[in-house]
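A.B. asks: Structure for the following, please:
(one chain, ligands or ions: 2)
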Amino acid sequence: MFHELRLLRPYLSRYWAYFAGGLVLIVGSLALRTVIPVWFGGAIDDLEGMAEAVELPADPQELRDLLLWKVLFIVVAAVVGGVVRMASRVVLLGVSRKAVHDVRNDLFDHLLELAPSFYTRTQTGHLMSRCVNDVQNVQGLLGPVFMYMVETLCLYVFALGWMWKVDPGLTVIALLPFPIFIELARRQALIIHTRSRDSQKKLGELSARVDESLSGQQVIKTMVLEDFDRERFEARATEYRGLNIEISRARARILPMMVGLGSLSTILVLAVGGPRTMRGEMTLGDLIMMMMFLQMMAHPTGTLGFVISSFQRGTAALGRLREIFDIPPALQDPPHVTEPATDEGSLVVRDLTVRFPDPRDEPHLHESAAELEEVGSQERLVLDGVSFEAPAGTTIGIAGPTGSGKTTLLRVLARQQEVEPGRVFLDGEDLAEQRIDRVRRNVGFVPQETFLFSATLADNVALGEPGASRERIEEAVERARLAPDLPQLKDGLETMLGERGVNLSGGQRQRTALARVMLLQPQVLLLDDTLSAVDTHTADEILEELKTWMKGRTTIIVAHRLTTLRGADQILYLEDGRITERGTHEELMELGGRYQALYQRQERREAREGAGDGVGGATA
Ligand SMILES: Nc1ncnc2c1ncn2[C@@H]1O[C@H](COP(=O)(O)OP(=O)(O)O)[C@@H](O)[C@H]1O
Ligand SMILES: [Mg+2]
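C.D. replies: Numbers count the residues shown, from 1 in each chain. Ligands and ions are numbered 1, 2, ... in the order given. Predicted coordinates:
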């Protein structure tokens, strides 16, 4: 449990002065607060002395002055003690926020560095829960938990010290009920925490359900699944409510316990100490001091169980965060980078083999283990001995059924996928030995599916270069044939897209993605079935535009609609990760293999659909 605290070392040492300052303040405030019962007891004894002095010939005036001073001291100690206590809170809770802010940022930075495949193995919900709940628990650990632990410890030391000095025997008797109450409170805390965890999990499930239902509204409506959906939602909502009621009950039991503890201890002290006082074995002031200390200790003792289980929860959260921090970042620059002499964009692929390992053997969160087990996928060979050359300025077309490895091939070339040395060469140098940002700058990848951020269309286009001039954005939008659609959009280029804005049609999304990459003017352009949802006519226009734009640049274009590939210098037909046919369009038609068969099938279908605006081929 304690070894997980290691993770906090850098943050503690960064802010050690604050933590140390907070500690000093806590000790100071407790020294002041625990002196009050002592002086109070003293004042009572003085009063008693005064009462006797009235009968005996003594100087009551002197005693009265003494009493006044004691009362003044008590007031000052109470006020200063309170202020110092508040200051300790400000310092410690403040620094815990600072430290956790750093933890959160480091976690996010680390998540950004992980391999894309990590995210395919991991449910977003699990990651969200770590970023939100676990970080919050760590904050609890660094802030309130640390503070209460130190405060309670100091209180015990000071209070028990004073009590022991007065009467060790009575101190022991007063403490007798403590273990029982600590145990009772600990049990409630345990209930609260396990139920809180369950409830958090339920809330996660509930949000996932809402998310799914809301995103899937179209399907739910089409399939008339509303009742089914409502039942599923209500079942989860009811479980969630049940858990929260249990938590509230356990919480409600803690306060009476603390009151009970204070009272029971006080009664014990009164029962044993009362007669002793009457016999004159201890003063009335000492008795009252004891009772005041017991009242002071009741509350922190009642919450002790809670603090201990928060501590456990915090260290468990640290363990879960460490699990993420321990996953090595992917795709780092190689130790020795080589810089190609040219930037012309020639590509050579030699006997490229890509194997996706069994995801169960890859780093994953422990929550994902069961899910991965269920999926039970094994290591798979996705690309098997692929070789081809794309001299600078040429166009390579790639065709093949879904799952044949087309996307994987492009991802390797775009350096989004780890590649072993000596397989892929960009501008004559090994891709694996080049700086990743150089490759990313020179190779533009338009993925099959685009993600639009909630930003304006212009910002979405300028994603790769946020400072791009208006002219360049307009030019890219023009080139990607997105410009003709602008009048349809409310604010043209300034239309908000994504979650809160207009959702573009499939074809518009694809053209936005294309414009995004064209803006960057990469030397190599990779298109992953980018025009699949664009109507045939526009697609042809874009291809025509690309032909002039890509002069001197290298293009690799994956397409299901084979007419798209007709003009390519070389077409590769992939099947199960192998190139089974290759050549120009004419050569492949001549060959009479799969390519030819597919081409003719598509030709017939387009003729049947009356050529024109149908979406070409299936989308992968
Ligand atoms: N990150 C991954 N982890 C494991 N398997 C993957 C991953 N990405 C793709 N695959 C698998 O590799 C095969 C080829 O996928 P892909 O390259 O997307 O084919 P295509 O683009 O031709 O449809 C598929 O069987 C797919 O399930
Ligand atoms: Mg694909």
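A.B. asks: For the residue nearest to Glu429 when sequence neighbours are not counted, grab phi and psi.
C.D. replies: Distance criterion CB to CB, 6 or more residues apart in numbering; nearest residue to Glu429, sequence neighbours excluded, is Pro340 at 4.3 Å. Just so you know, the C-beta spots here come from the backbone N, C-alpha and C atoms, and that holds for glycine as well. Phi and psi for Pro340, reported as degrees, to the nearest 10, are phi -60, psi 150.
A.B. asks: Next one: Pro340 from Val524, what distance?
C.D. replies: Distance of Pro340 to Val524, given as CB to CB, to the nearest Å: 12 Å.
A.B. asks: neighbour count winner among those two?
C.D. replies: Val524 (24 against 19; other CB atoms under 10 Å).
A.B. asks: hang on, that one packs against Arg415?
C.D. replies: No - using CB atoms under 8 Å, Val524 is not in contact with Arg415; the gap is 10.9 Å.
A.B. asks: any shared contact partners between the two?
C.D. replies: Residues within reach of Val524 and of Arg415 at once, by CB atoms under 8 Å, 6 or more residues apart in numbering, are Val443.
A.B. asks: Beta-bridge partners for the residue in the stretch 201-350 of the chain that ligand 2 sits nearest to, please?
C.D. replies: In the stretch 201-350 of the chain, the residue that lies nearest ligand 2 is Val349 (17.3 Å; CB to the ion). In this structure, Val349 bridges to Phe388, Val424 when assessed by DSSP bridges.
A.B. asks: thinking again about what came up before, which ones are touching the residue nearest to Glu429?
C.D. replies: For Pro340, the contacting residues are 426-429, 434, by CB under 8 Å, 6+ apart.
A.B. asks: Adding secondary structure and pLDDT, write those residues out as JSON lines.
C.D. replies: As requested, these are exported to JSON lines (DSSP: H, G, I helix; E, B strand; the rest coil; pLDDT from 0 to 100):
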{"residue": "Leu426", "secondary structure": "strand", "pLDDT": "89"}
{"residue": "Asp427", "secondary structure": "coil", "pLDDT": "87"}
{"residue": "Gly428", "secondary structure": "coil", "pLDDT": "85"}
{"residue": "Glu429", "secondary structure": "strand", "pLDDT": "87"}
{"residue": "Gln434", "secondary structure": "coil", "pLDDT": "86"}
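A.B. asks: Columns distance to ligand 2 on top of those, output as CSV?
C.D. replies: Compiled in CSV, those are given as follows (distance: CB to the ion, whole Å):
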residue, distance to ligand 2
Leu426, 21
Asp427, 26
Gly428, 28
Glu429, 27
Gln434, 25
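A.B. asks: Closest one of those residues to Val477?
C.D. replies: Leu426 (28.2 Å; CB to CB).
A.B. asks: how close does that closest one sit to ligand 1?
C.D. replies: To ligand 1, Leu426 is 20 Å away according to CB to the nearest ligand atom, to the nearest Å.
A.B. asks: Could you count how many residues lie near that residue?
C.D. replies: For Leu426, using other CB under 10 Å, the count is 24.
A.B. asks: ok, now which ones touch it?
C.D. replies: By CB under 8 Å, 6+ apart, the contact list for Leu426 reads 340, 345-347, 413, 434, 439, 442-443, 524.
A.B. asks: Report pLDDT for the residue nearest to Glu429.
C.D. replies: You'll see Pro340 listed with a pLDDT of 78.
A.B. asks: Same check on the one 5 residues further on?
C.D. replies: The per-residue pLDDT reported for Gly345 equals 83.
A.B. asks: ok now do it, which residues does it touch?
C.D. replies: Residues near Gly345 by CB under 8 Å, 6+ apart: 392-393, 426-427, 442-443, 522-524, 553-554.
A.B. asks: Most neighbours of all these, which one?
C.D. replies: Thr554 (27 neighbours).
A.B. asks: quick one: it and Phe388 touch, right?
C.D. replies: No - contact criterion CB under 8 Å: Thr554 and Phe388 do not qualify, at 11.9 Å.
A.B. asks: joint contacts of these two?
C.D. replies: What both Thr554 and Phe388 touch, as defined by CB under 8 Å, 6+ apart, is the set Ile396.
A.B. asks: for ligand 1, what are the nearby residues on the chain?
C.D. replies: Where the chain comes near ligand 1, counting by CB under 6 Å from any ligand atom, the residues are 117, 120, 356, 380, 382, 400, 402-408, 620.
A.B. asks: Could you write me a PyMOL select line covering just the buried ones among those?
C.D. replies: In PyMOL, a selection of the buried entries from the residues of the chain next to ligand 1 looks like this (16 or more other CB atoms under 10 Å):
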select buried, resi 117+356+382+400+404+405+406+407+408+620
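A.B. asks: Rank the residues of the chain next to ligand 1 by pLDDT and give me only the lowest.
C.D. replies: Ranking the residues of the chain next to ligand 1 by pLDDT, Ala620 lands last with 38.
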